[in-house]
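Enquirer: Mind folding the following:
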Amino acid sequence: MKRDKLHFPYKWEERKPQISEGVFFIPDHYYSHEKWTFPSWATIFGNNSPVHIEYGSGNGMWVLEKALASSVNWVAVEYRFDRVQKIWSKMKHLNIKNLFIICGEAQTFTKKYLPNSSIDQIFVNFPDPWPKSRHAKHRLFQSCFIRELLRILKPMGTLTAVTDDATYGEQIHSKMLSASSWESTFPAPHFITEWEGGYGSSYFDTLWRQKGKLIRYFQFKKT
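Expert: The predicted structure follows:
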């Protein structure tokens, strides 16, 4: 199905969070989230299988591959609508039933709509490092977001982060281990550079490997 078949289900002046065509739309500049109740995962997927979530899914290459290869439920969170359209189009074309898409800002969705202990595994693949210091506030791995991830993750659940940026990797490592109730699943230096069995393909993984960059995999467990 062509990606331009997916449209916003509301006019700007009538914007409100809603589900349409397997996508949960969270509009910008909306401040009444408490009026909307997000359905349970069992309602969305029609089963009680584990739920894995990827933040910043881009064009969906990685999460689509994972959904096709497993029976667990997957959630793709992506802010940009043009990228959401690409994920949605591929999902429809491949007839994938165990994938649900969030079109909206990651922190808003997590804080306002996800209940406690509702996610089995979290993945953050190649988050934007915002390398300039004046842009550092835009980085996803901030203390407030890390606390929300801890809240939504089930006990002993894991958070996996992948980056090619050594500086951002240091920030992810230091912020995660300085927060309570997280521990690294890898020994010092607390990351690996090759994922046993293969981690999965993505646009940025291919791009940065072609440029000779070292990929770092971090994984933390909720204790």
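
Enquirer: low-scoring stretches of this protein, by residue?
Expert: 130-131, 133, 135-136 (pLDDT under 70).

Enquirer: any idea how far the residue nearest the centre of it is from residue 162?
Expert: Closest to where the C-alpha atoms of the chain average out (Cα atoms, centre = their mean) is residue 55, at 1.4 Å. For residue 55, the distance to residue 162 (Cβ to Cβ, to the nearest Å) stands at 11 Å. Just so you know, the C-beta spots here come from the backbone N, C-alpha and C atoms, and that holds for glycine as well.

Enquirer: who touches both of these two?
Expert: Common neighbours of residue 55 and residue 162, counting by Cβ atoms under 8 Å, 6 or more residues apart in numbering, are 123, 124.

Enquirer: Quick one: the strands in this structure, in order.
Expert: With strands called from DSSP state E, the chain shows them at 18-20, 23-25, 51-55, 73-78, 99-103, 119-125, 153-163, 182-184, 216-222.

Enquirer: now those strands as JSON lines including distance to residue 210?
Expert: Formatted as JSON lines, these follow (distance: least, Cβ to Cβ, whole Å):
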{"stretch": "strand 18-20", "distance to residue 210": "37"}
{"stretch": "strand 23-25", "distance to residue 210": "31"}
{"stretch": "strand 51-55", "distance to residue 210": "22"}
{"stretch": "strand 73-78", "distance to residue 210": "23"}
{"stretch": "strand 99-103", "distance to residue 210": "27"}
{"stretch": "strand 119-125", "distance to residue 210": "17"}
{"stretch": "strand 153-163", "distance to residue 210": "16"}
{"stretch": "strand 182-184", "distance to residue 210": "29"}
{"stretch": "strand 216-222", "distance to residue 210": "17"}
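
Enquirer: roughly how far apart are residue 13 and residue 112?
Expert: For residue 13, the distance to residue 112 - Cβ to Cβ - is 21 Å.

Enquirer: again, but for residue 20
Expert: Distance from residue 20 to residue 112, by Cβ to Cβ: 18 Å.

Enquirer: which one of those two has more residues nearby?
Expert: A direct count of neighbours by other Cβ atoms under 10 Å for residue 20 and residue 112 places residue 112 higher, at 17 against 13.

Enquirer: Grab the nearest non-local neighbour of the more buried one.
Expert: Using Cβ to Cβ, 6 or more residues apart in numbering and skipping residues adjacent in sequence, the residue nearest residue 112 is residue 33, 4.1 Å away.
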